[in-house]
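Colleague: How does the following fold in three dimensions:
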Amino acid sequence: MTQRGGSADLPLHGGRVPKWLGERMTRLGAVLCEAIIHHYGRDELLRRLAHPFWFQSFGAVMGMDWHSSGITTSVIGALKRGLNPMAGELGIHVCGGRGAHSRKTPGELIAIGERVGLDGDALATASRLVAKVDSAAVQDGYDLYLHAFFVTDDGRWVVVQQGMNGDARQARRYHWLSEGLTSFVDQPHAAIEGERQGEIVNLTDHRAEKARGGQVELLKTMSPEKILTELAVLEPPEIVRAEPEPAAQPLLPNLIMPAHHDVRESDIVMRRLHGNIASAIESGPKDFPELLLVPGVGPRTVRALAMVSEVVHGAPYRFSDPARFSLAHGGKDRHPFPVPLKVYDETITVLKSAVGKAKLGRSEELEALRRLDGESRRMERYVTGPSLKEIVAGEMDQSHLLGGRSVFGWEPAPHSNEGPTSRKKGT
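Modeller: Reported below is the predicted structural model:
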């Protein structure tokens, strides 16, 4: 049976992903998925996508708003653009999306089924059932507006859905994984992300099995008018109820994304960040010459690669602090610092080179990334380092040298008395 993987509160954010970032997210997201498939296979990529903490970290390392609901939309869009052209090679397809794109999912699945020999009608039915369960069987105050369906050539799949509560300015993300799924209505979710907000009707809970059966019998034996009459008798008079006590911390991980936009030390496990930095500064140039042979790659890019390699190789517990991954490539909103485009592009170049050579049987660069991830974990046991404030200040000081860019424009040199500019420059 599948189990819930955790929960998270995702603040709603407006705005759009700028073209200069969206195109890079497409390339980085695709090559990261290629690396995961190369090392661990397609099933493992599906498990990662069904893990809410990993999904949030994945979006953060790609330069999105590290804590917002926008990560879901932008990551799905980037993967659909990046993976579908390689579907013939990788054997994974991305359907659906936000709004009108979500309603096209059944048709896309039927077309894929005809093309690769799957039961497209069964996949389309699964898509509709998943959407119905999270919109009708789970009534938690969130209206679904995004539905994405990942399916492999052997018929395994993941669904990522997101709902919105406009009044609370919150979003909730739902993850489904076909692996081990035996029922669409009896505890089917791999994870549900969102803040607890009062009473929730969840007919997919295993304890609601009798209630589900009772509803079916009720509809068979009573007319709608009779049901309404009985309901009026049962409905208690309106009374003022005290606010319920907050639920105790569940046994499953409960990721709560804060409302504040800036990245704070409380959002990060600093020993992990110090391990990432130390492995890049102290070990990168000495122990990983395969990475530094790629033209233009320096210590700052190796530091980003240390976090990127963790996304590929890290164990589930490593993603309890998604904010840390925003220190790889910054954020489009200038938090924790503008996106360093030179570093971002070098990261993509290194990964594409490593994956490309691995396909030809030369895996030294890809193995160097795996060792870099292991070195980060080893060094975090004993290294210390600067505070987050000092790290971010250092990034801001050199942002203009690294092609720093945000939705506000290009980052000027420090003390220039200018804000971010929109000067013309290559993307």
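Colleague: What distance do you get for the nearest residue to residue 402 once chain neighbours are set aside to residue 334?
Modeller: Closest residue to residue 402 apart from its sequence neighbours, by C-beta to C-beta, 6 or more residues apart in numbering: residue 340 at 3.6 Å. (Glycine included, C-beta is placed from N, CA and C.) Going from residue 340 to residue 334 by C-beta to C-beta, to the nearest Å gives 12 Å.
Colleague: mind saving the C-alpha coords of the helix or strand hosting residue 173 as CSV?
Modeller: Assigned by DSSP states H and E, residue 173 belongs to strand 170-177. Only the C-alpha atoms of strand 170-177 are listed here, as CSV (Å, rounded to 0.1, in the frame of the first residue of the first chain):
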residue,chain,number,x,y,z
GLN,A,170,-2.6,28.9,0.7
ALA,A,171,-2.1,26.0,-1.7
ARG,A,172,-2.1,22.3,-1.1
ARG,A,173,-0.2,19.8,-3.3
TYR,A,174,-1.3,16.1,-3.6
HIS,A,175,1.1,13.3,-4.7
TRP,A,176,0.0,10.0,-6.1
LEU,A,177,2.3,7.0,-6.9
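Colleague: what's it packed up against?
Modeller: Secondary-structure packing of strand 170-177 (3 or more C-beta pairs under 8 Å, 6 or more residues apart in numbering; DSSP states H and E): strand 7-11, helix 42-49, helix 52-61, strand 157-165, strand 189-193.
Colleague: quick revisit: may I have the phi/psi pair for the residue nearest to residue 402?
Modeller: phi -80, psi 90 (degrees, to the nearest 10).
Colleague: In terms of neighbours, single out the busier of residue 340 and residue 334.
Modeller: A side-by-side neighbour count of residue 340 and residue 334, using other C-beta atoms under 10 Å, places residue 340 first with 27 against 21.
Colleague: and that one, what is it in contact with?
Modeller: Applying C-beta atoms under 8 Å, 6 or more residues apart in numbering, we find residue 340 in contact with 300, 329-330, 395, 399, 402-404.
Colleague: Closest to residue 31 out of these?
Modeller: In terms of C-beta to C-beta, no member of these lies closer to residue 31 than residue 329, at 13.7 Å.
Colleague: Residue 21 is in what secondary structure piece?
Modeller: helix 19-40.
Colleague: Compute the inter-axis angle for that helix and helix 42-49.
Modeller: Helix 19-40 runs at 130 degrees relative to helix 42-49, counting by axes from the mean of the first three to the mean of the last three C-alpha atoms, to 10 degrees.
Colleague: If you count contacts, what does the strand or helix carrying residue 346 end up packed against?
Modeller: Residue 346 belongs to helix 341-359 when assigned by DSSP H and E. Here helix 341-359 touches helix 19-40, helix 299-313, helix 326-329, helix 364-379, going by 3+ C-beta pairs under 8 Å, 6+ apart.
Colleague: Just list what the helix holding residue 21 packs against, helices and strands only.
Modeller: Using 3+ C-beta pairs under 8 Å, 6+ apart: helix 19-40 touches helix 42-49, helix 52-61, helix 70-83, helix 87-90, helix 299-313, helix 341-359, helix 364-379.
Colleague: ok so, going back, got CSV for the helices and strands packed on helix 341-359, with mean neighbour count, distance to residue 352 and mean pLDDT too?
Modeller: Shown next, in CSV, are the helices and strands packed on helix 341-359 (neighbours: other C-beta atoms under 10 Å; distance: least, C-beta to C-beta, whole Å; pLDDT from 0 to 100):
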stretch, mean neighbour count, distance to residue 352, mean pLDDT
helix 19-40, 20, 5, 97
helix 299-313, 24, 12, 91
helix 326-329, 26, 16, 96
helix 364-379, 20, 10, 88
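Colleague: Of these, which is nearest residue 103?
Modeller: Shortest separation from residue 103 across the helices and strands packed on helix 341-359 is recorded for helix 19-40, at 22.5 Å, computed as C-beta to C-beta.
Colleague: How far away from the center of its chain is that closest one?
Modeller: 13 Å (C-alpha atoms, centre = their mean, to the nearest Å).
Colleague: Ok, stretch 160-174 next?
Modeller: For stretch 160-174, the distance to the chain centre is 14 Å (C-alpha atoms, centre = their mean).
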